[in-house]
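K.L.:
Below: sequence and its predicted model.
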Amino acid sequence: MQRYFETRFTVGDRKDAEFLQSQNNWEIVNAIMDAGVGGITSKQLAKDLSINYKVVADTAKHLAQMGWISSERPKQKVGRPPRGLQRRDFRKPSNIHVWSAIDSFEPVLSEDFEDRCKEVFDKYGHDFEQFIDITSQVIAEMQVFPEFHPREPVHDCGWSHDGHEFMKGVLYAFLSWLESNPHFQEVLKKHKLATDKAFEDLPKTQRPGEKTNP
């Protein structure tokens, strides 16, 4: 996700904010996100982050209760453990933690507002088909760049988490582009949502067929 967004969380709950204030918790959360759908064990987290194993395990347990991650024991191999492997480790293998809160960078809309928007969108559903087709072309062109192409496969939840963030990143970038578009700026001014002052420091996007001045 860090390839698409500078900010990784939208936190609207005070308890979540307090939880993330801990440096250890913050590092653990980000490391699990970076691990992707393959996940990472609490033992590996403790080693990579130089954080006490119990602290990592307790934090992961809390994250699972919050619904941010799924946490499960790895499949045990059949047979006796190697002599060098401690019995304690064999009896209690380190859990694998997988980030499951794919909406971590998704502001929560008011339910009434979202429902009303959907009603309006449905009225213009046919007109949006062209926008969807163009979005498909944009996604295809953006995927050409290896630094932005989603690396994760589709997870059991039905999403590639990396792909989900990529999709949202493209749409957020489109909103930023819209604000620089002269035609859209006129729409905002028409509905008294902004004035010319709001766009003074924004670069102007080109209109179709318009030539760039040398």
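P.N.:
Noted; the coordinates are in hand.
K.L.:
Leaving out sequence neighbours, find the closest residue to residue 53.
P.N.:
The shortest distance from residue 53 to any non-neighbouring residue, by CB to CB, 6 or more residues apart in numbering, is to residue 46 (4.3 Å). Where you see a C-beta, it was placed from the backbone N, CA and C, and this is true even at glycine.
K.L.:
The one you found: what's it in contact with?
P.N.:
Going by CB atoms under 8 Å, 6 or more residues apart in numbering, residue 46 touches 52-53, 55-56.
K.L.:
So which of those sit within strands?
P.N.:
Here DSSP state E is the test, and the contacts of residue 46 give no hits in strands at all.
K.L.:
most neighbours, which of the residues you listed?
P.N.:
Counting neighbours by other CB atoms under 10 Å, the top entry in the contacts of residue 46 is residue 56, with 28 neighbours.
K.L.:
Touching, it and residue 49? I think so.
P.N.:
Yes. With contact defined as CB atoms under 8 Å, residue 56 and residue 49 form a contacting pair (7.4 Å).
K.L.:
Could you check how many residues crowd around residue 15?
P.N.:
Using other CB under 10 Å: residue 15 sits among 9 other residues.
K.L.:
residues touching it, list them.
P.N.:
Here residue 15 is in contact with no residue (CB under 8 Å, 6+ apart).
K.L.:
how about low-confidence regions in the protein?
P.N.:
Within the chain, the stretches with pLDDT under 70 are 1-10, 12, 37, 75-93, 102-108, 204-214.
K.L.:
Apply 50 and report the result again.
P.N.:
Within the chain, the stretches with pLDDT under 50 are 1, 78, 86-91, 212, 214.
K.L.:
What segments of it are helices?
P.N.:
Under the criterion DSSP state H, the chain contains helices at 14-20, 23-35, 42-49, 53-66, 87-91, 111-123, 125-142, 161-179, 182-190.
K.L.:
I'd like these as a markdown table, with distance to residue 200 appended.
P.N.:
Output for these, formatted as a markdown table (distance: least, CB to CB, whole Å):
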| stretch | distance to residue 200 |
| --- | --- |
| helix 14-20 | 34 |
| helix 23-35 | 36 |
| helix 42-49 | 45 |
| helix 53-66 | 42 |
| helix 87-91 | 62 |
| helix 111-123 | 29 |
| helix 125-142 | 28 |
| helix 161-179 | 12 |
| helix 182-190 | 11 |
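K.L.:
Tell me which residue is most central in this structure.
P.N.:
For the chain, residue 165 is the residue whose C-alpha lies nearest the centre (CA atoms, centre = their mean; 4.1 Å).
K.L.:
Residues contacting stretch 114-130 from elsewhere in the structure, which ones?
P.N.:
By CB under 8 Å, 6+ apart, the residues outside stretch 114-130 that reach it are residue 109.
K.L.:
so how far is it off the chain centroid?
P.N.:
Stretch 114-130 sits 24 Å away from the centroid of its parent chain (CA atoms, centre = their mean, to the nearest Å).
K.L.:
got the end-to-end distance for it?
P.N.:
The first and last residues of stretch 114-130 sit 22 Å apart, counting by CA to CA, to the nearest Å.
K.L.:
Around the residue lying closest to residue 185 once chain neighbours are set aside, how many other residues sit close by?
P.N.:
Once flanking residues are discounted, residue 185 sits nearest to residue 199: 5.4 Å by CB to CB, 6+ apart. Using other CB under 10 Å, residue 199 is surrounded by 18 other residues.
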